[in-house]
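Trainee: turn this into a structure:
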Amino acid sequence: MLSYRIELAHQGAHQFRVTLTVPQPADQQVLALPVWIPGSYLVREFAKHWSGLSAQQAGRPVALKALDKASWQADCVADVPLQVSATVYAFDPSVRTAWLDADRAFFNPSSLCLRVLGQEEAVHRIELGPLPDGWQVGTAMRRVEHGYEATGYDELVDHPFEIGPWRAVDFDALAVPHEIVLAGAWPNADLGRLAADVQRICAAQIAFWGVAPFDRYQFQLWAVDDGHGGLEHRASTALIAARRELPTAIESTTAPSDGYVRLLGLFSHEYFHAWNVKRLRPAEFARFDYQRENTTELLWFFEGFTSYYDDLMLLRAGLIDAPRYLKLLAATVNGVLAAPGRLTQSLAEASYEAWIKYYRPDENSPNATVSYYAKGALVALCLDLALREQGRDLDGLMRQLWAETNGGPVSEAQILAAAGACAARLHDWVHTTGELPLRELLAGHGIEWRDEGRAMLAQRLGLRLREASGVQVTHVLAGSAAQETGLSARDEILGVNGWRVRRLDEALQWLEPQGALELLVVRDQRLLTLSAQLPPAGPASVTLTLGSDEGPALRLRQAWLGA
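Mentor: From the prediction side, this is the model:
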């Protein structure tokens, strides 16, 4: 058995102390730390936070030779217990690595636990050092005397730990025990309402799949001033959200706010991953390589289709109604349509290139990339609606794939085969950059598509801005009037047609509908004047509403939305 002792060495300095004991090391034992964490497709270089790495056997120092940026070879004697220790800096306020301060400790074992090459299938145990009074340990890892155990390294790194004076609530969903561990929330956060609503989501999803692939499940939620995200694991998920998104006692009988619906959607998304990506997963992920990128062209399915079902499950659980669901769906449509990159990068390419593009966005990202989350969700929508016109649905396809793979690795060929007569269309939606047939498919299900409102000035020009203190250009969209004018990311717009502006839309008060523009711009301390012609004011966004058709479209809509 391999054991890791993890101590809160210095909370003020955000330092864990980790000691690995290998009872029977190999001669010249190799040790490695992952460079990424499954579910977050970026090489994060966890080793950069390690210092003071040392090893010993029987009290005598053992030399460690660096083989690369994240692996070492111990010059040790075989079968004599080896101890390896290091200090790990932990101050990443995300769900992906580790955190330690006076109020809370959190870690993913992939940040703190070395992999012992050749012994990945051994039992791995985590033992925790002394904790402050009142602190508790939250994890889905199996509890044993003196610690927590996993049957191998893959299982070890798939169980985050939430440690501190958190609050918790338990509930059962279709007889499966669940727990929400909540840290950092305001005292009046209504944990009871949150648990009741999440219980409905969990019950709907277990019923959807027909099986719960875990004996119990834990949600770990850290409430912060501003943040939003999650990372899925086999029997738990780590979540981060803004405190203001949580329901409070005074809101216990009101309709959920937009922020709370967003939070419930996050719970729904990460929970759905317990089936779709943790079990049903890309064939390339049959076994992870923790030392380098693991690429696949299928993130559109595992993240995109999950993004389709996350809000749909809120509707099915009765937490939102059909009009509110369509509002959420329209927001996804508008987000995709606003990015010129959808016409440049296919979903398959976006999936494969996630490591260097999606997780490393810059000022040109909207022009060069498409989100496999958002457009993947719209492909799932299109496939669902197309299948329903044939008397099938996406629900059945998902369950079919689960049954055919026994909840295991799946290839694109298997997904296309399950799509049947829709396979060619699905292939085109994923591998080409053409527009999706959203309007037609939605109309066939009794949903009205409307182009609404007047585009604001930034949208008409093709700009994305930050206007917290002045008008700062963050992105210039391809093919836009702003690009033709010569505007650039990082420019600051000071004035329009001789007048000072602190918000760009102030200029709409004096501009002619399609008149000339003269922009006073600051670029690298220089004042520039740029001239342009104001484009026509087109529609600002798409809205989706329930139609009144009483024919086949209404029946399809009722089958899809229950409305």
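
Trainee: next up, the contacts around residue 23.
Mentor: By CB atoms under 8 Å, 6 or more residues apart in numbering, the contact list for residue 23 reads 1, 2, 81. Backbone N, C-alpha and C define where each C-beta goes, glycine included.

Trainee: the same query, at a cut-off of 7 Å, please.
Mentor: Listed by CB atoms under 7 Å, 6 or more residues apart in numbering, the contact partners of residue 23 are 1, 81.

Trainee: repeat for residue 141
Mentor: Applying CB under 7 Å, 6+ apart, the residues near residue 141 are 148, 150, 159.

Trainee: next step: those restricted to strands.
Mentor: Among those, DSSP state E puts 148, 150 in strands.

Trainee: got TSV for the contacts of residue 141, with pLDDT, neighbour count and distance to residue 218 too?
Mentor: Below are these laid out as TSV (pLDDT from 0 to 100; neighbours: other CB atoms under 10 Å; distance: CB to CB, whole Å):
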residue	pLDDT	neighbour count	distance to residue 218
148	98	21	12
150	98	21	15
159	98	20	9
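
Trainee: out of the contacts of residue 141, who's nearest residue 316?
Mentor: The closest of the contacts of residue 141 to residue 316 turns out to be residue 159 (CB to CB; 29.0 Å).

Trainee: grab the nearest non-local neighbour of that closest one.
Mentor: residue 141 (3.9 Å; CB to CB, 6 or more residues apart in numbering).

Trainee: try residue 533
Mentor: residue 516 (6.1 Å).

Trainee: likewise for residue 461?
Mentor: residue 482 (4.4 Å).

Trainee: what does the helix or strand where that neighbour lies rub up against?
Mentor: Per DSSP states H and E: residue 482 is located in helix 481-485. With contacts defined as CB under 7 Å, 6+ apart, helix 481-485 is touched by 461, 462, 463, 476, 477, 530, 532, 535.

Trainee: next, count neighbours for residue 16.
Mentor: 24 (other CB atoms under 10 Å).

Trainee: what's it sitting at in phi/psi?
Mentor: In terms of degrees, to the nearest 10, the main-chain angles of residue 16 are phi -90, psi 150.

Trainee: and the closest residue to it other than its chain neighbours, what does it touch?
Mentor: Distance criterion CB to CB, 6+ apart; nearest residue to residue 16, sequence neighbours excluded, is residue 88 at 4.5 Å. Counting by CB under 7 Å, 6+ apart, residue 88 touches 15, 16, 18, 49, 50, 98, 111, 112.

Trainee: let's have the residues you listed in a markdown table, adding secondary structure, pLDDT and distance to residue 132.
Mentor: Compiled in a markdown table, the contacts of residue 88 are given as follows (DSSP: H, G, I helix; E, B strand; the rest coil; pLDDT from 0 to 100; distance: CB to CB, whole Å):
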| residue | secondary structure | pLDDT | distance to residue 132 |
| --- | --- | --- | --- |
| 15 | strand | 98 | 15 |
| 16 | strand | 98 | 14 |
| 18 | strand | 98 | 19 |
| 49 | helix | 98 | 22 |
| 50 | strand | 98 | 24 |
| 98 | strand | 98 | 17 |
| 111 | helix | 98 | 21 |
| 112 | helix | 98 | 19 |
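
Trainee: among the residues you listed, which two are most distant?
Mentor: 15 and 111 (12.8 Å).

Trainee: name the element the spatially closest residue to residue 520 that is not a sequence neighbour belongs to?
Mentor: Leaving aside its sequence neighbours, residue 520 sits nearest to residue 495 (CB to CB, 6+ apart; 3.9 Å). Using DSSP H and E, residue 495 falls within strand 492-496.

Trainee: quickly run through the sheet partners of that strand, with directions.
Mentor: strand 471-476 (antiparallel), strand 499-500 (antiparallel), strand 516-523 (antiparallel) (DSSP bridges).

Trainee: return the most buried member of those strands.
Mentor: The highest mean neighbour count among the strands paired with strand 492-496, using mean count of other CB atoms under 10 Å, belongs to strand 471-476: a mean of 20.

Trainee: for that strand, list the C-alpha coordinates in CSV.
Mentor: Only the C-alpha atoms of strand 471-476 are listed here, as CSV (Å, rounded to 0.1, in the frame of the first residue of the first chain):
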residue,chain,number,x,y,z
VAL,A,471,-14.1,52.5,-23.1
GLN,A,472,-11.5,49.8,-23.5
VAL,A,473,-11.6,47.6,-26.6
THR,A,474,-11.1,43.9,-25.8
HIS,A,475,-12.0,42.3,-29.1
VAL,A,476,-12.4,43.4,-32.7
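
Trainee: hmm, who's touching that strand?
Mentor: So strand 471-476 is in contact with 363, 366, 462-466, 482-483, 487-493, 501, 503-504, going by CB under 7 Å, 6+ apart.

Trainee: try 6 Å
Mentor: Contact with strand 471-476 is made by 363, 366, 463-466, 482-483, 487, 489, 491-493, 504, as judged by CB atoms under 6 Å, 6 or more residues apart in numbering.

Trainee: and which of those is nearest to residue 195?
Mentor: Comparing these against residue 195 with CB to CB places residue 466 closest, at 37.4 Å.

Trainee: so what's residue 386 up against?
Mentor: Residue 386 neighbours (CB under 6 Å, 6+ apart): residue 422.

Trainee: how is the protein carved up into domains?
Mentor: 2-164, 166-256, 276-450, 457-537 (automatic domain parsing).

Trainee: hmm, back to that, and the residue nearest to residue 159, how far from residue 155?
Mentor: 8 Å (CB to CB, to the nearest Å).

Trainee: same thing with residue 404?
Mentor: Distance of residue 404 to residue 155, computed by CB to CB: 25 Å.

Trainee: equivalent analysis for residue 467, please.
Mentor: 47 Å.

Trainee: go on, residue 190?
Mentor: To residue 155, residue 190 is 34 Å away according to CB to CB.

Trainee: and residue 188, by the same measure?
Mentor: Where residue 155 is concerned, residue 188 sits at a distance of 38 Å (CB to CB).

Trainee: higher neighbour count, these two?
Mentor: With neighbours defined as other CB under 10 Å, residue 188 and residue 155 compare such that residue 155 has more, 18 against 11.

Trainee: ok, and what's touching the helix ranked longest in the chain?
Mentor: If you go by DSSP state H, the chain has its longest helix at helix 191-209. Residues outside helix 191-209 that contact it (CB under 6 Å, 6+ apart) are 167, 169, 171, 173-174, 178, 180, 182, 212, 247, 252, 264, 267-268, 271-272, 275, 313, 316-317, 319.
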